[in-house]
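J.: no sequence on this one, just coordinates:
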C-alpha cells in the first residue's frame, strides 16, 4: 500500500528539542509527518517546491515555516539550482509546553500560533530577516539558555505580522476552535457525511435553528458561507483521497459528494491553483511502501 511516511525523530523523552543544520545540493526526504512540531528555516533555495498538508508552492530564496503535529510536509528540489541550500530544522515534542502554561495571559499568543500551525504557517520575509540570525545561532547556546531562547523565538514569531496559513483546515480534519457547540456540531456532521447530499435545512435542523438564522450564524462565526464551508470540507477529503488512493478523478469527485465533475474540477482549481490530476502528480514519487 502506498503511504506517506511517518518519521520517527531522534528526540528522546528527556530532550526538550533538537536542531539540525545542514548545507546540501538537493532535497531528498519524502513526504512525511511526525508528532513533533517543526520550525524549518531554508536559505538559498529559490525554485524549490514545498508541500505542507494540501498546499503546494514554489518557494523564494529564503523561507521560514512552522509545521504542526502530524501535518504532512516536505521540500523538493524542483527547479532549484543552488549548490548550497542551507536548512535549519528545529523539532520539539508536541507536549513540551503544558496546555495550562500556554493558557496564561503572557503565553496565550504562542498557544494560538501553535494551534494555527496545524495547517502550517509561512512567515514574512521581514520576519525571516529579523529571526533567522537567532535561529542560526541557536545551536551555540546550551541547556537552560537554549530552551529560553527557543521560547523567546516562538514568542517573537507569534507576534510577527503578515504570517500566512498554508493548508486547508479540513485536510487534517482540523479547524480553528469556534467556542460554539453549534458550530462544532455542524462541522462534525459535515465531516462525517461529506459524501452525501447535505442541505442547509438538514444542518439548521440539527442545531435547532432556522435556515436563515444558521446562514447568518455560520458566516459570522467562520467568515464563510454554509456552502463554501461544505465545499472546503469536501475538497479537503478529496485532496486526501487523491493522495492515498488510485481512484479516478471522477470517482473521487463522486465519493466526496460532488455529483458534477466539471463543478468539482472548477472548485478544485480555484482553491488549489491546479487541477486534481496535477495535484495528484505533485505527490508522485514522494510516497513509499510501508
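T.: Nice, thanks for sending it over. All values reported here derive from a predicted model rather than from experimental measurement.

J.: residues touching residue 276, list them.
T.: Applying CB atoms under 8 Å, 6 or more residues apart in numbering to residue 276 gives the contacts 238, 242, 249, 252, 253, 264, 265, 268. C-beta: built from backbone N, CA, C; applies to glycine.

J.: bridging residues for residue 65?
T.: residue 40, residue 122 (DSSP bridges).

J.: now for it, how many residues are close by?
T.: Using other CB atoms under 10 Å, the number of residues around residue 65 comes to 21.

J.: pull out the buried positions in stretch 110-124.
T.: Residues of stretch 110-124 classed as buried: 110, 111, 113, 114, 116, 117, 118, 119, 120, 121, 122, 123 (neighbour count, 16 or more other CB atoms under 10 Å).

J.: what about those, which are in helices?
T.: The members of the buried residues of stretch 110-124 that map onto helices under DSSP state H are 110, 111, 113, 114, 116.

J.: skip the chain neighbours and tell me the closest residue to the second one.
T.: Across the structure, with CB to CB, 6 or more residues apart in numbering as the measure, the residue nearest residue 111 apart from its sequence neighbours is residue 102 (3.7 Å).

J.: I'd assumed residue 115 was in contact with that neighbour.
T.: No - look at residue 102 against residue 115 with CB atoms under 8 Å: they stay out of range, at 9.4 Å.

J.: average pLDDT for the helix or strand hosting residue 281?
T.: Following DSSP states H and E, one finds residue 281 within helix 276-282. Averaged across helix 276-282, the pLDDT comes to 81.

J.: related to what we said a few turns ago, which one (most neighbours) among the contacts of residue 276?
T.: residue 238 (30 neighbours).

J.: residue contacts, it?
T.: With the criterion set at CB under 8 Å, 6+ apart, residue 238 makes contact with 252, 253, 256, 258, 264, 268, 276.

J.: quick one: those residues as JSON lines, columns for distance to residue 79 and secondary structure too.
T.: Below are the contacts of residue 238 laid out as JSON lines (distance: CB to CB, whole Å; DSSP: H, G, I helix; E, B strand; the rest coil):
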{"residue": "252", "distance to residue 79": "28", "secondary structure": "helix"}
{"residue": "253", "distance to residue 79": "31", "secondary structure": "helix"}
{"residue": "256", "distance to residue 79": "32", "secondary structure": "coil"}
{"residue": "258", "distance to residue 79": "32", "secondary structure": "coil"}
{"residue": "264", "distance to residue 79": "29", "secondary structure": "helix"}
{"residue": "268", "distance to residue 79": "24", "secondary structure": "helix"}
{"residue": "276", "distance to residue 79": "23", "secondary structure": "helix"}
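
J.: mind putting the residues you listed into CSV with distance to residue 52?
T.: Converted to CSV, the contacts of residue 238 look like this (distance: CB to CB, whole Å):
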residue, distance to residue 52
252, 21
253, 24
256, 21
258, 24
264, 23
268, 18
276, 19
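
J.: so how many other residues sit close to residue 90?
T.: Around residue 90 there are 22 residues (other CB under 10 Å).

J.: show me the contacts for the closest residue to it other than its chain neighbours.
T.: Using CB to CB, 6+ apart and skipping residues adjacent in sequence, the residue nearest residue 90 is residue 39, 4.4 Å away. By CB under 8 Å, 6+ apart, the contact set of residue 39 is 64, 65, 66, 67, 89, 90, 91, 135, 153.

J.: most neighbours among those residues, which one is it?
T.: Busiest of the contacts of residue 39 [other CB under 10 Å] is residue 67, holding 26 neighbours.

J.: from residue 251, how far out is the residue nearest to residue 90?
T.: Using CB to CB, to the nearest Å, we find residue 39 at a distance of 38 Å from residue 251.

J.: poorly predicted segments of the protein, please.
T.: 1-3, 8, 169-179, 282-290 (pLDDT under 70).

J.: which residue is the nearest non-sequential neighbour of the residue nearest in space to the middle of the chain?
T.: Residue closest to the average C-alpha location in the chain (CA atoms, centre = their mean): residue 119, at 2.5 Å. Spatial nearest neighbour of residue 119, excluding adjacent residues (CB to CB, 6+ apart): residue 167 at 4.4 Å.
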